[in-house]
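Q: For reference, the sequence and a predicted model appear below.
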Amino acid sequence: MIMKTKLFTLIFGAILFASCQQKEMKISRSDFSVVTEMTDFSPAYILKNEVGKVEIKKNSLIGNTHWVLSVDRDITMNEVAPFLHDLTEKKHKVGGMHEDTKDIYMVYSDTVHKQNAYVKVPFKSFALENQPVYELAEGVESLLLKSVADAKNPLDKTQTYLVRIDKNISVENFVNILIELEKQKISQSLNSEVYVN
């Protein structure tokens, strides 16, 4: 009996130690909820591993469901952009047998209402190179987003915006920019391709 108790204590202690060693993901924070409920979705996780390398865990992504990304808020856009490039390319590929009609969302914590919330990623493609320099057509403007303040500037809903995201901003900053664009109802005026540089 004493041997069983010691074995149980040893196993329980090992499980407790292992669970304490797991790193808790810190998702982005905001004070506003865009979407509070999500159905028909599959999750993916983008985080830094033990050696500080950014990696994605996407084993459970299913086609034609919304993809909900939990991303460590301290990762920079430069680090996450290659994963967003690959995910959007896979999600929105043209010419596939079955069109995927669902979207990609990022989950964040609404700290005021103490709940998780979701914001849609309005871009269908993430370009990793510099935005080409050319004369913009009438009704098209270039928009560089480095902070939420840039997204709060009065934007004209009749324009189409070619968006560039500063590669040095954090994912938390990016999520809050997306939230601000949703608040202004300007997401529909954004070009489907975004440049991260």
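A: Yep, it's here.

Q: Not counting its neighbours along the chain, what's nearest residue 121?
A: The spatially closest residue to residue 121, leaving aside those adjacent along the chain, is residue 104, at 4.5 Å (CB to CB, 6 or more residues apart in numbering). (Glycine included, C-beta is placed from N, CA and C.)

Q: Is it correct that that neighbour is in contact with residue 118?
A: No - using CB atoms under 8 Å, residue 104 is not in contact with residue 118, being 10.2 Å away.

Q: Sketch out the low-pLDDT regions of the chain for me.
A: 1-23, 94-97 (pLDDT under 70).

Q: and with 90 instead?
A: For the chain, the stretches with pLDDT under 90 are 1-25, 59-60, 63, 92-101, 129-139, 152-158, 184-188.

Q: Which parts of this structure are helices?
A: Taking DSSP state H as the test, the helices found in the chain are 2-21, 77-91, 148-152, 171-183.

Q: the inter-axis angle of the last one versus helix 77-91?
A: Our comparison of helix 171-183 with helix 77-91, counting by axes from the mean of the first three to the mean of the last three CA atoms, to 10 degrees, yields an angle of 60 degrees.

Q: can you pull the buried residues of helix 171-183?
A: Going by neighbour count (16 or more other CB atoms under 10 Å), the buried part of helix 171-183 is 171-182.

Q: and it, what other elements does it pack with?
A: strand 29-30, helix 77-91, strand 104-110, strand 115-120, helix 148-152 (3 or more CB pairs under 8 Å, 6 or more residues apart in numbering; DSSP states H and E).

Q: can you state the direction angle for the second one and strand 104-110?
A: Between helix 77-91 and strand 104-110, the angle formed by their directions is 130 degrees, by the same axes, to 10 degrees.

Q: neighbouring contacts of helix 77-91?
A: Helix 77-91 is contacted from outside by 44, 46, 54, 56, 58, 67, 69, 71, 100, 102, 104, 121, 123-128, 165-171, 174, 196, using CB atoms under 8 Å, 6 or more residues apart in numbering.

Q: now do 6 Å
A: Helix 77-91 has contacts (CB atoms under 6 Å, 6 or more residues apart in numbering) with 46, 54, 56, 100, 104, 124-126, 128, 165, 167, 169, 171, 174, 196.
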